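Novice: structure for this input, please:
(one chain, ligands or ions: 1)
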Amino acid sequence: MNAPVLSDTLLRILADKEAEVRTRSAATPLDEMERLARDADKPRDFTGALCNAVAEGRIGLIAEVKRASPSGGLIRDPFEPATIAREYEAAGASCLSVLTDAPYFQGAPEHLAEARKACKLPVLRKDFMIDPWQVFESRTMGADCILLILAALSDAQANELEDVARSLDMSVLAEVHDERELERALGLNTRLIGINNRNLRSLRTDLATAERLVPSVPADRIPVAESGLRNPEDVRRMANVGARCILVGEHLLRQPDLTAAARAMVEA
Ligand SMILES: O=P(O)(O)OC[C@@H](O)[C@@H](O)c1c[nH]c2ccccc12
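Specialist: Numbers count the residues shown, from 1 in each chain. I've put the predicted structure just below:
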C-alpha cells in the first residue's frame with residue numbers, strides 16, 4: 001500500500017531498520033527496554049517549548065544535528081554534537097532534532113545523548129520508528145519526542161507507537177507529505193503536525209508542499225514546516241501560510257557560524 005509514494009532509498013531504510021530492531025531487541029528484550037525507559041530521567045517538554053516560542057511571537061525552531069544524509073552526502077565534518085547543541089541554544093532555537101540512524105545518516109544514539117547533555121533544549125529522536133521497542137529505546141537515549149512518518153506506517157502502527165510515547169510523557173511529531181497523510185495524522189492525539197517538503201519519491205524539496213498543506217491544519221494543531229528551508233525568506237514564506245514552527249538541518253549545518261545562521265532563521 002505504501003510502495004508507490006516511497007523512494008527505493010526509503011524502502012531500503014525501512015527494511016534495514018526492521019533487521020536492526022530484530023538484532024538489538026534480541027540483546028535487550030522488550031520488557032527490559034521498557035523498564036529502562038520508565039526508569040530514565042523525566043522528559044523535557046518538547047511541545048511546550050514550541051508553544052512558548054509561538055506565544056511569544058518568535059519562530060519555533062527545531063534545529064537539526066545531522067552529520068550526513070542520502071540526498072546531501074557528508075554535511076558537516078568535523079561533527080561535534082555537543083558544540084552544535086550549545087550553538088543552536090545560544091541562537092534561540094526551541095528544540096533539537098538529532099539523527100540516530102547510522103547506515104544512511106551517519107547518526108548514533110551517542111549524538112543524541114551528547115547533544116542533550118550539552119544544553120537544556122528538548123530533543124527529537126530523528127529516526128525511522130516502526131516498533132514500540134524503539135520508542136522505549138528512544139527514551140533511554142534521552143529523547144523527549146519521537147517522529148512518526150505516516151507514509152511508512154499503518155494507522156494501527158502509528159496509534160500504537162503514539163500510545164507508547166504518551167505513556168512515557170514524550171511528544172510525538174507526526175510527519176505528512178500529502179492531504180491523505182494529513183487526514184490520517186489528524187486521527188492521532190498529537191498536536192505536532194510536520195509537513196515534510198521533501199518528496200519521498202524524488203527526494204527533492206519544494207516549499208510549495210507546506211504552502212499547500214499548512215492551511216488545512218486545524219487551529220488546535222501546530223504545523224511544523226520541515227526540510228528545504230535555506231534562508232530567512234523561506235522561513236517567512238512558511239510563516240505566511242501559518243507555519244511558525246520549522247525544522248531546519250542541512251542549511252544550518254553547512255554554515256561555519258551556526259549560531260549566526262540559526263539566529264537569522266529564528267528572527268526571520
Ligand atoms: O536538512 P533539511 O533539508 O533542513 O531537513 C531537515 C529535516 O526536515 C529532514 O532531515 C527530515 C525530515 N523528515 C525526515 C525523516 C527522516 C530523516 C530526515 C528527515
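Novice: measure how buried the residue in the stretch 1-150 of the chain positioned nearest to the ligand is and give me the count.
Specialist: Going by C-beta to the nearest ligand atom, the ligand is nearest to residue 64 of the stretch 1-150 of the chain, at 5.0 Å. Where C-beta positions appear, they are placed from N, C-alpha and C, glycine not excepted. Neighbours of residue 64 under the rule other C-beta atoms under 10 Å: 26.
Novice: let me know the helix or strand that residue 34 is in.
Specialist: Element membership for residue 34 (DSSP states H and E) is helix 30-39.
Novice: what helices or strands is the helix or strand hosting residue 104 leaning on?
Specialist: If you go by DSSP H and E, residue 104 is part of helix 102-105. When contacts are defined as 3 or more C-beta pairs under 8 Å, 6 or more residues apart in numbering; DSSP states H and E, helix 102-105 sits against helix 8-27, strand 68-69.
Novice: report the buried residues of the helix holding residue 34.
Specialist: For helix 30-39, a neighbour-count test (16 or more other C-beta atoms under 10 Å) marks 33-34, 37 as buried.
Novice: which residues of the protein lie near the ligand?
Specialist: Applying C-beta under 6 Å from any ligand atom, one finds that the chain approaches the ligand through 64, 126, 149, 175, 196, 205, 226-229, 247-251.
Novice: among those, which pair sits farthest apart?
Specialist: Largest separation among these by C-beta to C-beta: 149 and 251, giving 21.2 Å.
Novice: all the strands of the chain, residue numbers only.
Specialist: 60-65, 68-69, 73-74, 95-99, 123-126, 145-149, 171-176, 192-196, 222-226, 245-248 (DSSP state E).
Novice: what mean pLDDT does the second one get?
Specialist: Pointing back at strand 68-69 there. Strand 68-69 shows an average pLDDT of 97 in the prediction.
Novice: for the residue nearest in space to the middle of the chain, what are its contacts?
Specialist: The centre of the chain sits closest to residue 126, judged by C-alpha atoms, centre = their mean, with a distance of 4.6 Å. Applying C-beta atoms under 8 Å, 6 or more residues apart in numbering, we find residue 126 in contact with 64, 66, 97-101, 105, 107, 147.
Novice: at 6 Å what do you get?
Specialist: Contacts for residue 126 (C-beta atoms under 6 Å, 6 or more residues apart in numbering) come out as 97, 99, 147.
Novice: can you count the residues close to the last one?
Specialist: For residue 147, the tally of surrounding residues (other C-beta under 10 Å) stands at 23.
Novice: report the separation between it and residue 161.
Specialist: Applying C-beta to C-beta, to the nearest Å, the value for residue 147 to residue 161 is 10 Å.
Novice: next: the second one.
Specialist: The gap separating residue 99 from residue 161 is 18 Å, by C-beta to C-beta.
Novice: for these two, indicate the residue with more neighbours.
Specialist: A direct count of neighbours by other C-beta under 10 Å for residue 99 and residue 161 places residue 99 higher, at 25 against 22.
Novice: what pLDDT does that one get?
Specialist: Turning to residue 99, the model gives it a pLDDT of 98.
Novice: excluding chain neighbours, what is closest to residue 253?
Specialist: Leaving aside its sequence neighbours, residue 253 sits nearest to residue 76 (C-beta to C-beta, 6 or more residues apart in numbering; 4.4 Å).
Novice: now that neighbour: how far from residue 247?
Specialist: 17 Å.
Novice: ok, whichever residue of the stretch 101-250 of the chain sits closest to the ligand - contacts?
Specialist: As assessed by C-beta to the nearest ligand atom, the ligand sits closest to residue 249 within the stretch 101-250 of the chain, at 2.9 Å. Applying C-beta under 6 Å, 6+ apart, we find residue 249 in contact with 64, 66.
Novice: now residue 201
Specialist: Counting by C-beta under 6 Å, 6+ apart, the residues that residue 201 touches are residue 7.
Novice: any idea how far it lies from residue 7?
Specialist: Note on residue 201: its distance to residue 7, by C-beta to C-beta, is 5 Å.
Novice: residue 81 and residue 110 touch, don't they?
Specialist: No. Checked against C-beta atoms under 6 Å, the pair residue 81 and residue 110 is beyond contact range at 7.8 Å.
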